[in-house]
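Colleague: Here's a sequence, model it:
(6 chains)
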There are 4 protein chains.
Amino acid sequence: MARPQDPRAKIELLKAAEAVFVEHGLERARVEEITTRAGRSKGSFYLHFSSKEEAFRQIVETLVARLGSFVDEPPPPGPVDLEVLLRRQLERSIETFEFLWMNRGVVGLLMSGGGSAEFGYLIVELEQQYRQMIERWLRWGMAQGIYRNDMDADLISLALAGAYDSLARRVVKETKRPDLRGMLLEMERFVAHAVGTPEYIAQFDSMVNNLERKRNS
Amino acid sequence: MARPQDPRAKIELLKAAEAVFVEHGLERARVEEITTRAGRSKGSFYLHFSSKEEAFRQIVETLVARLGSFVDEPPPPGPVDLEVLLRRQLERSIETFEFLWMNRGVVGLLMSGGGSAEFGYLIVELEQQYRQMIERWLRWGMAQGIYRNDMDADLISLALAGAYDSLARRVVKETKRPDLRGMLLEMERFVAHAVGTPEYIAQFDSMVNNLERKRNS
Amino acid sequence: MARPQDPRAKIELLKAAEAVFVEHGLERARVEEITTRAGRSKGSFYLHFSSKEEAFRQIVETLVARLGSFVDEPPPPGPVDLEVLLRRQLERSIETFEFLWMNRGVVGLLMSGGGSAEFGYLIVELEQQYRQMIERWLRWGMAQGIYRNDMDADLISLALAGAYDSLARRVVKETKRPDLRGMLLEMERFVAHAVGTPEYIAQFDSMVNNLERKRNS
Amino acid sequence: MARPQDPRAKIELLKAAEAVFVEHGLERARVEEITTRAGRSKGSFYLHFSSKEEAFRQIVETLVARLGSFVDEPPPPGPVDLEVLLRRQLERSIETFEFLWMNRGVVGLLMSGGGSAEFGYLIVELEQQYRQMIERWLRWGMAQGIYRNDMDADLISLALAGAYDSLARRVVKETKRPDLRGMLLEMERFVAHAVGTPEYIAQFDSMVNNLERKRNS
DNA sequence: CATGAATGAGGGTTCATTCAT
DNA sequence: TATGAATGAACCCTCATTCAT
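Modeller: Numbering: from 1, shown residues only, chains lettered A, B, ... in the order given. Next up, the predicted model:
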């Protein structure tokens, strides 16, 4: 298949498809509605996608791939500037939620399984990735001595992943952009208390004070 | 005088339907596959359900209703025996997860949205219920002085609900019954640290020790 | 098949079937509606009829057979008392229409073809019978010299049959019993003018006067 | 640029549908048989009709509409050239029966109610129209003094409509085109005798002689 | 490449008929 | 015999995909 003449065609189709998938789910989405919304012919759909599922896969895989890129690894063991780290983490999570918000249509679809059992593995894998990232951070924090040592890292990472997940679900259902920073800072505090040692919790509070001070200046 | 209705008929159909819905989702489930699995004729399905959706609704609503019954309210404000409360909560959550485990097929289907957008509202409502229950517990604990006072109860309840949700998702995907008690006790500890005052956290640990001692004796 | 125990069963089923056929036509009539209305079980239907069509056939054939019995042959050629004849014919046609009125449900069904192409032959045959009877009367009247001699008996009998047919269609659609005698006397007059010689027409009028005088006395 | 719509498609489908409806009636007609006969795919049917009933309606309503256009009104009261009128009426009725003959399939279906109760109202209305037209002619003739004055116009128009109806039923069942002119002229004569004054009847005969003389010259 | 007409497999539902009790 | 639960063939319509133009 040569590159289609009109490069906007595929993009428009993808946009329309996204909307229709979000509205009806993969199964109930009709190809004709997609092409009509894209202002194109029914046949044009098959110049760009080999099937309805293929289009869905492209949309979803693209999103999942980009979501995967937000995964952030803990630094190597050793001394670190915790405040810098905290700021970075906060910024990174804001970015992530910003992205979720911008793509709330498809993300919402994915999170409510709106595709089909067939594509569930994608979201499962993504959740795995995030959970594992969190687990690595947990283990890093435990090794650093800032997190409690008596935790089941596997289970707690699952719980934390779920907590963020549930935040994400709420965000993508909002109609007005929520205060992501406030929300995520509150989450950081929640996490700090949930897993931090008393010393770290104290330190965390002062770090947050610093952050806010700098921010307002 | 007539052939008596086979009392197993509906039950077998429901079981088969459940399995097929879990496997393919509402949309892709074929009535004929359901009846074949139930060892019955295609027409028999319509002796018991007016439509495929109706059968699905029956399965799902039944489950959701029973899940709703696991919601547990906090006691009225005032002095309480925290250890008794903890034990009760633990038992109640074990029961709940036991139930999820036993119904892991449909629960998994629901959690992965496998039905259809049409029935999504059920799971949304259920999540609401659980989150609100958690929020009421949070506010109770804050009023009792055992939980930190600087929390956004709405957000934190969402996070905690998500944490449990994610546990539930894992449990229903297991093939062997997990150690629910261990898992949920660990979750209690997680919650205690996440939201408890330092005093309560200390108390919590001793209460857990007590619980375990009594349990092993 | 032995004679059923309950002799009312079949009659009740036939009555119910008639009503349902009239209401929905053969095709759309549901066996279950028939049995329900008859206050019997679905299976009982098949104790009395081998199929839905069979029941329909029985109802319709019975009616058609009885309608066929109203056919009245002209007397042998030779001198006759025309007034007696006229009275007899009038009475006979009133009887016929009385019967149509009493069976207006099924008759209406038949006349509007409500059965199915499959049973159209019955009504066709019946119409044939009536037309032929009329033709025989026509030929008799022509031979007697009371009807015009320049008529195409085949065509005119068809026309007259149609005229009566159309009367019948109207009657069976009425909700209140119409004045059948008046209607049919008017039809006799119509026929007399249509096919009678001027002499017969004059005679007809005086005969009618006589009839009415005797009737009112 | 796309494959142009086959302009014969709808016409062929309509023709096939007509044949199948005539053969089996609306209810028993199978869409697949229609499309097969039209040499097309099952789905093509739905490119042109939204449902089986819709196709039936299109066929029937078209026919009924065209049949309705054959209704011919009497002239305003006053002196008229009866011979011209007679010729015109004869021609008009020949046209009508010609049309019936050409459309004998569907007309036969309609007349035998072969559609379904659902569409019976169409034929009822049509019969009404014709009967009312005849009634208007009757009243006109009575006012002109050429028809007898002692008639029940409502009843006699019904009878005459039935007479023509029955002719029509015969015509559409023929396999070879009947001598419509002869048949209808004979009907005119029948009508003249049935409703005309003795003077008009005499005049009618001479008019017919004139007509035939001119025709043969 | 672009179009949209044409295709036909697929599946939910109905309901006449059968048959175990 | 009477019942009504059970059966399964039948059929309409949808819609993803193909393909002639």
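
Colleague: residue contacts, A:V124?
Modeller: With C-beta atoms under 8 Å, 6 or more residues apart in numbering or on different chains as the criterion, no residue contacts A:V124. The way it works is simple: take the backbone N, C-alpha and C, and place the C-beta from them, glycine included.

Colleague: Would you quantify the distance from the most centrally placed residue in chain A to A:Q144?
Modeller: For chain A, the residue nearest the mean C-alpha position is A:L67 (5.1 Å; C-alpha atoms, centre = their mean). Counting by C-beta to C-beta, to the nearest Å, the separation of A:L67 from A:Q144 is 27 Å.

Colleague: Look up the closest residue to the residue nearest to the centre of chain A, ignoring the ones flanking it.
Modeller: Once its chain neighbours are removed from consideration, A:L67 has its nearest residue in A:L126; the separation is 5.9 Å (C-beta to C-beta, 6 or more residues apart in numbering or on different chains).

Colleague: same question, A:E188
Modeller: Of all residues not flanking A:E188 in the chain, A:L90 sits nearest, at 6.2 Å (C-beta to C-beta, 6+ apart).

Colleague: in which helix or strand would I find the one you found?
Modeller: In this structure, A:L90 sits in helix A:82-102 according to DSSP states H and E.

Colleague: mean confidence score for the longest helix seen in chain A?
Modeller: Of all the elements of type helix in chain A, the one with the most residues (DSSP state H) is helix A:120-144. Over the span of helix A:120-144, the pLDDT mean works out to 93.

Colleague: now it and helix A:82-102, what's the angle there?
Modeller: With axes from the mean of the first three to the mean of the last three C-alpha atoms, to 10 degrees defining the directions, helix A:120-144 sits at 170 degrees from helix A:82-102.

Colleague: what comes up buried for helix A:120-144?
Modeller: When neighbours are counted by 16 or more other C-beta atoms under 10 Å in any protein chain shown, the buried residues of helix A:120-144 are found to be A:120, A:122-123, A:126-127, A:129-131, A:133-142, A:144.

Colleague: filter those down to the ones near DNA strand E?
Modeller: Among the buried residues of helix A:120-144, no residue sits close to DNA strand E (C-beta under 7 Å from any atom of the strand).

Colleague: give me every residue that touches the residue in chain A that DNA strand E sits nearest to.
Modeller: Nearest to DNA strand E, among the residues of chain A, is A:G43, at 1.9 Å (C-beta to the nearest atom of the strand). A:G43 is in contact with D:A2, counting by C-beta under 8 Å, 6+ apart.

Colleague: What score does it have for pLDDT?
Modeller: Looking at A:G43 specifically, the model assigns a pLDDT of 94.

Colleague: Residues of chain A that sit close to DNA strand F?
Modeller: In this structure, chain A approaches DNA strand F at residues A:R28, A:A29, A:R30, A:V31, A:E32, A:K42, A:G43, A:F45, A:Y46, A:S51, A:K52, A:E53, judged by C-beta under 7 Å from any atom of the strand.

Colleague: Can you give me the buried ones in the helix or strand encompassing the fifth one?
Modeller: In this case it means A:E32. Under the criterion DSSP H and E, the helix or strand holding A:E32 is helix A:31-37. Residues of helix A:31-37 classed as buried: A:V31, A:E33, A:I34, A:T35, A:R37 (neighbour count, 16+ other C-beta under 10 Å).

Colleague: same check, this time on stretch A:15-26
Modeller: Within stretch A:15-26, the residues that count as buried by 16+ other C-beta under 10 Å are A:A16, A:A17, A:E18, A:A19, A:V20, A:F21, A:V22, A:H24, A:G25, A:L26.

Colleague: Okay, and the second one sits in which element?
Modeller: It stands for A:A17. Secondary structure assigned from DSSP H and E places A:A17 in helix A:7-28.

Colleague: what about A:G145, how many neighbours?
Modeller: 11 (other C-beta atoms under 10 Å in any protein chain shown).

Colleague: One more: A:E199?
Modeller: Count around A:E199 with other C-beta under 10 Å applied: 10.

Colleague: That one: what's it in contact with?
Modeller: A:E199 sits in contact with A:I146, where contact means C-beta under 8 Å, 6+ apart.

Colleague: likewise A:A117?
Modeller: B:E23, B:H24, B:G25, B:R28, B:S112, B:G114.

Colleague: Just send those back as CSV, with distance to chain A and pLDDT too.
Modeller: CSV is the format used below for the contacts of A:A117 (distance: C-beta to the nearest C-beta, whole Å; pLDDT from 0 to 100):
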residue, distance to chain A, pLDDT
B:E23, 8, 92
B:H24, 7, 92
B:G25, 5, 91
B:R28, 7, 93
B:S112, 4, 85
B:G114, 6, 70
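
Colleague: farthest-separated two in these?
Modeller: Of all pairs drawn from these, the one with the longest distance (C-beta to C-beta) is B:R28 and B:S112, at 13.4 Å.

Colleague: Show me which of these two is the more surrounded one.
Modeller: Using other C-beta under 10 Å as the criterion, B:R28 and B:S112 rank with B:S112 on top: 23 against 15.

Colleague: A:G120 is in contact with that one, correct?
Modeller: Yes - look at B:S112 against A:G120 with C-beta atoms under 8 Å: they come within range, at 5.2 Å.

Colleague: How is chain A partitioned into domains?
Modeller: As recorded under automatic domain parsing, the domains making up chain A are A:7-50, A:60-216.

Colleague: Just give me how far the shortest one sits from the chain centre.
Modeller: What that stands for is domain A:7-50. Taking C-alpha atoms, centre = their mean, to the nearest Å, one finds domain A:7-50 lying 24 Å from the centre of the chain it belongs to.

Colleague: Return the closest of the contacts of A:A117 with respect to chain D.
Modeller: Using C-beta to the nearest C-beta, B:R28 is the member of the contacts of A:A117 that lies nearest chain D, at 21.9 Å.

Colleague: Low-confidence bits of chain A, can you list those?
Modeller: By pLDDT under 70, the weakly predicted segments of chain A are A:1-5.

Colleague: at 80 what do you get?
Modeller: Judged by pLDDT under 80, chain A has its weakly predicted residues at A:1-7, A:114-118.

Colleague: Show me which residues of it sit near chain B.
Modeller: Within chain A, the positions near chain B by C-beta under 8 Å from any C-beta of the partner chain are A:24-25, A:27-28, A:111-114, A:116-117, A:120, A:127, A:148, A:151-152, A:155-156, A:158-167, A:169-170, A:183, A:186-187, A:190, A:193-195, A:198.

Colleague: Contacts for the helix holding A:E32 next, please.
Modeller: So helix A:31-37 is in contact with A:L13, A:A16, A:A17, A:A19, A:V20, A:H24, A:S41, A:K42, A:S44, A:F45, A:K52, A:A55, going by C-beta under 8 Å, 6+ apart.

Colleague: This completes my enquiry, with thanks.
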